[in-house]
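# okay, sequence plus prediction incoming.
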Number of protein chains: 4
Amino acid sequence: MTVHLGPNKYGKAENRLVRVTRHGDRHELADLTVTSQLTGAFDESFTTGDNASIIATDTQKNTVFAFAKEYGVGAPEDFLALLASHFTTEFDWVTGGLWQAEVHPWERITVDGQPHDHSFRRTGSGTRLAAVQVSDGQQHVTGGVKDLVVLKSTGSEFHGFPRTRFTTLPEVTDRIMATEVTARWRYLPEAVSAGIDYDEVYASVVEVMLEQFATVHSLALQQTLFEMGRAAIELRPELAEVRFAMPNKHHFVVDLSPFDMTNENEVFIAADRPYGLIEGTVVRDGVEDAPAAWEHLPAFI
Amino acid sequence: MTVHLGPNKYGKAENRLVRVTRHGDRHELADLTVTSQLTGAFDESFTTGDNASIIATDTQKNTVFAFAKEYGVGAPEDFLALLASHFTTEFDWVTGGLWQAEVHPWERITVDGQPHDHSFRRTGSGTRLAAVQVSDGQQHVTGGVKDLVVLKSTGSEFHGFPRTRFTTLPEVTDRIMATEVTARWRYLPEAVSAGIDYDEVYASVVEVMLEQFATVHSLALQQTLFEMGRAAIELRPELAEVRFAMPNKHHFVVDLSPFDMTNENEVFIAADRPYGLIEGTVVRDGVEDAPAAWEHLPAFI
Amino acid sequence: MTVHLGPNKYGKAENRLVRVTRHGDRHELADLTVTSQLTGAFDESFTTGDNASIIATDTQKNTVFAFAKEYGVGAPEDFLALLASHFTTEFDWVTGGLWQAEVHPWERITVDGQPHDHSFRRTGSGTRLAAVQVSDGQQHVTGGVKDLVVLKSTGSEFHGFPRTRFTTLPEVTDRIMATEVTARWRYLPEAVSAGIDYDEVYASVVEVMLEQFATVHSLALQQTLFEMGRAAIELRPELAEVRFAMPNKHHFVVDLSPFDMTNENEVFIAADRPYGLIEGTVVRDGVEDAPAAWEHLPAFI
Amino acid sequence: MTVHLGPNKYGKAENRLVRVTRHGDRHELADLTVTSQLTGAFDESFTTGDNASIIATDTQKNTVFAFAKEYGVGAPEDFLALLASHFTTEFDWVTGGLWQAEVHPWERITVDGQPHDHSFRRTGSGTRLAAVQVSDGQQHVTGGVKDLVVLKSTGSEFHGFPRTRFTTLPEVTDRIMATEVTARWRYLPEAVSAGIDYDEVYASVVEVMLEQFATVHSLALQQTLFEMGRAAIELRPELAEVRFAMPNKHHFVVDLSPFDMTNENEVFIAADRPYGLIEGTVVRDGVEDAPAAWEHLPAFI
């Protein structure tokens, strides 16, 4: 044999779990897409096809649904931690894994001015993300958000960049700035141990990020990104760091001068591709790095 | 020549128009995807490549953006009607066409409890649709909505259907009902002539449809569809008919009995495909049919 | 009651059917997405929730899979015709419907220079379309193709169009022309009755369309569309008409002059949106119109 | 300041570059989606909005297109290496970055049995991937493929896995195995220095992977993955390691017994979600790890 097996993991992806909880006539709805993947001593399956150590992906799927019944689904981070604990304690050769959730938001339909007991509409931009990753005996918990599309029609400038051989972009002191925020934040291990109200953190982090996007007078999307991360960390002592991927969704001022018309940032064409792509991390001073927390997570750094 | 040209149209699709209107510091935002297509005497372009009658698709695009500057963008139906009128009066060989818009919804970001002047987040399920179609000297106006995802966790039954050789579906008296509503409604020509507050109609039609979805105790998705249409027509005298395409987004009760667990409509798996697909029209008694209003519109019947 | 039910249909959409046929060690693979929808006397389900006439969408799904076992899956048009015949004869209140298929293309993996017996790779652009529609006792059969992406790097001009107030597009005598062909062709009823080798027609129609795209020196995408349709109809006596939707996938010559570089149609940026959209029909002289054949089909006219 | 900036990069994503090269009447076509992102001393832009060090993403875009003119586009790895070298030598504060390409495959349209000079159709499953990453003065080159969809209708078993409380999956000795291969391979630095014919490596790696998929009698998708990687590394001395993400695209045998029909692996329903997801790395014995080569690449480990 001239080759060997390197890093690997496997599991069941995108289990579409809907959990209804009934409090009398009033129903609560949890709607998540859950992915479970295991790491551990699975080499034989790869190298010889011996599956004696393989917890079948179908078994992982069943576990997700059975746990939803047995324990309910509260904060997604808590639900994923239950799964992580189960797989890594029940099977001693399962040494770690990655459990991820996307939470699809619903709100109650309003009838006669009242939120309805059991009827909902899908709502909002902003899909909540959660992940629990276990490796080398450490558990890492991250929260996040994606698909959070925001735009400001002024309060954004971009200038002062080097003019090189290939630079044609004009400098501007007023422009539309639009982006689709993907952010993931890592929780401090000591905060996780102490217990976290993840739902409350999620709500307040998204709120403060939106506020920062709105109120920071922006000289660069980079600056806006940093201020969003800074504000989140300063607000919530549970956070160790926040990672962002923020496309610059360009809105170009349409040239109406051929038609003898002015266009003072009034009429824009929204472009699809290419787009700027800014990725960055904001870290609380003094916290330890945790590369293992990020290793298998999709997207950026 | 053994062949001839049949029905045709052409234009520029998916112009991504963003229009900012400034009232002092307070900005209004209109975000639309606009498609313009013309019908008329274009045969020579097809049969000989002579483009003397072709209003270039690029010209149609320019017109969309120039009109957004010149007239602003109010209700999408009004904006499309301006385009329709322009093309069919400016060029006598343009005898008709189809102008469509999708409206992407935004709401103001809240800062210190107040809606912000110029910062917005994309929101909501439910993309507003509008179309103006001109043919044979008639103008047809339709409004609509798509991507309106709704779910009720009880209040839905399905039984009494024939049991044939290929029937295995159990009858149920309680199930999740979920769908993604696409609806288009045709405005009565006389209401169009008299003037319509399209924004107000849109809001009230979506509201009453949501209410019906919530409150109708459903024996079939067909019944829910019909009641949604009926309520909209009864509420708004401007409407001639409503057409729906409503997938039945199946949520299957997960069988937990192998794990000695019950599952009383608590844990569901949401399926992607296949899905039921119910399409139907609700028509106000006494109104004249207008097949030309629907002829080129995407989706259903 | 102030409203009534208009046109409607319902069924099961996107049944993902894979059929393996074994000839000893050699396997044949059919991979289709099948949609079945019925029309008929279903009003009670809509208006009162009485489902006594509703052939459940689940039953329609079961029938698709059972028929694949019982009859195999040959040409998709033949398979859909079997379904159409079954539903409209087995249930007398089912008076018509629409049965559609998309065929996903596979080719055998080559091993040691030989096509493998049972291993395949998904291939090709170009998804085959088929539909059988029954209404008013008539059966209409259409074939088609979508996702057929083609590009020519020269042999395309565009000029001679009117220069209006909103025209800025330069005239060009050499450009890239690229499109993604969607075409549907209607088979002559008498050819259907006589029996058609649909697989052979499909292959030869796609081939001749590609040849026309390549060899017609194009003065407009309209002209290319027409010549593609003309050639198909002239080649195949089974065809009554062909309908096309062909986006003009713009490739813009990048302006390199700020860098003191020329660009003689060498470097292009491929744009996503907006795009031109040309739709047209080519009809064999002397054939009767059949609007019912097209009524419920997705896309164009 | 209680926070600081962590890892970051920025640039222009998804530049849709089409490069035509003319050899007399015969045209060559390169169609790539190129992403350029820089790392280096950009902190001021994030922390204060000072853009003096920011090579604008628009400048990066211009450079991509200008380089396509100046140097042509050969193997995507070579083209990306040119970009990497340019940015990291021209600007001393740019210390690294990630340059990625996806190559969209075209084949010539056949006319009269001959490949046409300047007309092409998009073809094949399998999008070629290339990336050049520079960090800490090291350049890492990776090739790859995605969207490579394959299926075998026999020659695959799955059994011998633990039966736990939540296991319901039956063991099978014959099943459909289908997957959509994403693979990335890292080139040995010494091979990169010596010069590599990347096009030839790509073709032969994909070919041998397909052969392995076809001919390995599979006891687990893990085993197939490993054998695909092993064969690629043994075939090509340029490769250090191969990383795979391979979903198990489930094809379920439809239960036809309610209709008194057998189904001996003849009729399947292809499922969308959930799906198995197997990720693994195959490494040449004795090569040094290079985590920096993989750090910013999308997908898996």
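Perfect, I can see it now.
# now for the closest residue to A:D147 other than its chain neighbours, how many residues are close by?
In this structure, A:D147 finds its nearest non-sequential neighbour in A:T127, 4.8 Å apart by C-beta to C-beta, 6 or more residues apart in numbering or on different chains. Yep, even glycine has a C-beta here, placed from its N, CA and C like the rest. Residues lying near A:T127 (other C-beta atoms under 10 Å in any protein chain shown) number 16.
# how near is A:T127 to B:V181?
21 Å (C-beta to C-beta, to the nearest Å).
# swap in A:V201?
Noted for A:V201: a distance of 34 Å to B:V181, by C-beta to C-beta.
# tell me which of the two has more neighbours.
Neighbour tally, A:V201 and B:V181, criterion other C-beta under 10 Å: the higher count belongs to B:V181, 25 against 22.
# measure how far the lowest-mean-pLDDT helix or strand in chain A is from the centre of its chain, please.
Ranked by mean pLDDT, DSSP states H and E, the weakest helix or strand in chain A is helix A:291-294, scoring a mean of 91. With C-alpha atoms, centre = their mean, to the nearest Å as the basis, the distance from the averaged C-alpha position of helix A:291-294 to the chain average is 15 Å.
# again, but for stretch A:82-101
Relative to its chain's centre, stretch A:82-101 lies at 21 Å (C-alpha atoms, centre = their mean).
# can you pull the buried residues of it?
A:82-84, A:86-88, A:91, A:94-101 (16 or more other C-beta atoms under 10 Å in any protein chain shown).
# show only the entries of the residues you listed found in strands.
Secondary structure defined by DSSP state E assigns A:94-101 of the buried residues of stretch A:82-101 to strands.
# got any ranges where the stretch 201-301 of chain A has weak pLDDT?
Flagging of the stretch 201-301 of chain A using pLDDT under 70 yields the residue ranges A:299-301.
# close to chain C: what parts of it are there?
Within the stretch 201-301 of chain A, the residues that sit near chain C (C-beta under 8 Å from any C-beta of the partner chain) are A:258-259, A:272-273.
# partners of the helix or strand hosting A:G144 in the sheet?
Secondary structure from DSSP states H and E places A:G144 in strand A:138-152. Using DSSP bridges, strand A:138-152 pairs in its sheet with strand A:127-135 (antiparallel), strand A:177-187 (antiparallel), strand B:114-122 (antiparallel).
# residues in contact with the first one?
When you say that, I think you mean strand A:127-135. Contacts to strand A:127-135, defined as C-beta atoms under 8 Å, 6 or more residues apart in numbering or on different chains, come from residues A:39, A:75-77, A:80-81, A:83-84, A:88, A:95-105, A:139-147, A:184, A:198, A:202, A:292-293, A:295-297.
# for C:L151, state which of the ones in strands among the buried residues of stretch A:82-101 is nearest.
A:Q100 (38.9 Å; C-beta to C-beta).
# next one: the closest one from chain C, what distance?
For A:Q100, the distance to chain C (C-beta to the nearest C-beta, to the nearest Å) stands at 25 Å.
# residues of the stretch 101-250 of chain A that sit close to chain B?
The stretch 101-250 of chain A comes close to chain B at residues A:106, A:109-111, A:116, A:118-126, A:148-155, A:176, A:207, A:210-211, A:213-215, as judged by C-beta under 8 Å from any C-beta.
# buried subset of the residues you listed?
For those, a burial check counting by 16+ other C-beta under 10 Å picks out A:106, A:109, A:111, A:116, A:118-126, A:148-155, A:176, A:207, A:210-211, A:213-215.
# residues touching A:L82, list them.
Applying C-beta under 8 Å, 6+ apart, one finds that A:L82 lies in contact with A:67, A:71.
# grab the longest strand from chain A for me.
strand A:3-23.
# can you pull the buried residues of that one?
Within strand A:3-23, the residues scored as buried using 16+ other C-beta under 10 Å are A:3-20.
# look up how far A:K249 lies from the residue of the stretch 201-301 of chain A found nearest chain C.
The minimum distance from the stretch 201-301 of chain A to chain C, using C-beta to the nearest C-beta, falls at A:D272 (4.1 Å). To A:K249, A:D272 is 9 Å away according to C-beta to C-beta.
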